[in-house]
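Engineer: Predicted model and sequence follow; I will ask about them next.
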Amino acid sequence: MMYRQRIPALLVLLTCIAVAACNRTLKPPATKPVQGTVLVKGQPLSGVRVVFHPQFDLKFYRPSGITNAEGKFVIETAKTGDGAPRGEYIVTFELPFASSDDHGRDIEADAWKGKYANPDTSTFRVNINDAVELEPFRLE
């Protein structure tokens, strides 16, 4: 009989532990301001997604930014304009646009069909030490 009384208490305890674990706040990493420019055939292009792929352990975050009409971007990791943690990165680029798949579902596609989107083949690298204005990225 006492066993049956302990089951609800145990379930309440386990539920509280699970809720507490899910509600833990993830502390964002320390960052340095990072900004740059993307030029395509020598001209600025808006809407390019710039992604920094860390070459070090950076869990849960992927620094990135989107270019404006002047081809300029500001990298953000955990909040608007915060920059990127110190370290080495491989940089990739996508030019996303809305499309649809064979079933008519809305999808996001890359106008460059992945040409600059693969970190395994990208030749673009940066090393962030302090606040940085990057040299322009020149895409063909």
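Structural biologist: On my side now, so go ahead. Numbering: from 1, shown residues only.
Engineer: Leaving out sequence neighbours, find the closest residue to Ala78.
Structural biologist: Pro28 (3.4 Å; C-beta to C-beta, 6 or more residues apart in numbering). The C-beta positions use only the backbone N, C-alpha and C, and glycine is treated the same way.
Engineer: which residues touch that neighbour?
Structural biologist: 61, 77-79, 82 (C-beta atoms under 8 Å, 6 or more residues apart in numbering).
Engineer: Kindly recompute the last result at 10 Å.
Structural biologist: By C-beta atoms under 10 Å, 6 or more residues apart in numbering, Pro28 lies in contact with 60-61, 77-79, 82, 85.
Engineer: pLDDT wise, what is the residue nearest the centre of the chain at?
Structural biologist: The residue lying closest to the centre of the chain (C-alpha atoms, centre = their mean) is Arg62, at 3.0 Å. Listed pLDDT for Arg62 reads 95.
Engineer: Just to check, it is in contact with Pro85?
Structural biologist: No - look at Arg62 against Pro85 with C-beta atoms under 10 Å: they stay out of range, at 11.2 Å.
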